[in-house]
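1. after the sequence you'll find the predicted model.
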Amino acid sequence: MTENLTKEAFIDKVFNFEESKDWSFKGDKPAIIDFYADWCGPCKMVAPILEELSEEFGDKMNIYKVDTDAEQELASVFGIQSIPSMLFIPVDDKPQMAVGALPKDSIKQAMKEVLKVE
């Protein structure tokens, strides 16, 4: 099950951007963060794919969602200009951003290459 993040939950589970500019991931397993908005058509196409992946790989990784309308500060911290945007976060490396409505096979490819999740 994907989990919606507020700013407070993001700081608690992912990264405290208020205390540090240097990336330091707080999670204990890789994560994907989907930056979306309810009115965004391509975001609506990606949402069920992420739900499927969450069910399939939920024990190996976390999938979070950030509503860019409700959490404008988070969107701005990550320079989100267009949605959907997905942040792929490996446990011990720098995160990588992908922009646009990626098909399931592209997301799985990024999970394998960036997150080392198969």
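-> Yep, it's here.
2. over to the spatially most central residue of the chain. Which of the three states is it?
-> Nearest to the mean C-alpha position of the chain, by C-alpha atoms, centre = their mean, lies Ile33 at 0.8 Å. Using DSSP: H, G, I helix; E, B strand; the rest coil, the structure places Ile33 in strand.
3. once you drop chain neighbours, what's closest to it?
-> Closest residue in space to Ile33, ignoring its immediate chain neighbours: Leu87 at 4.3 Å, by C-beta to C-beta, 6 or more residues apart in numbering. Where you see a C-beta, it was placed from the backbone N, CA and C, and this is true even at glycine.
4. hmm, Tyr36 and that neighbour touching each other?
-> No: between Leu87 and Tyr36 there is no contact under C-beta atoms under 8 Å: 11.8 Å.
5. compare these two (neighbour count), which wins?
-> Remark: of Leu87 and Tyr36, Tyr36 carries more neighbours, 24 against 19, as counted by other C-beta atoms under 10 Å.
6. local confidence estimate at Cys43?
-> Per-residue pLDDT puts Cys43 at 97.
7. is it correct that the residue nearest to the centre of the chain is in contact with Met61?
-> No: counting by C-beta under 8 Å, Ile33 sits too far from Met61 to count as a contact (11.2 Å).
8. quick one: the strands in the protein?
-> Counting by DSSP state E, residue ranges of the strands within the chain are 3-4, 31-36, 62-67, 85-89, 96-99.
9. what are the contacting residues of the longest helix seen in the chain?
-> Identified as the longest helix of the chain according to DSSP state H is helix 41-57. Here helix 41-57 makes contact (C-beta atoms under 8 Å, 6 or more residues apart in numbering) with 1-2, 32, 34, 36-37, 63, 65, 83-84, 86, 100-104, 107-108, 111, 117.
10. show me how far it is from its chain's centre.
-> Offset of helix 41-57 from its chain centre (C-alpha atoms, centre = their mean, to the nearest Å): 11 Å.
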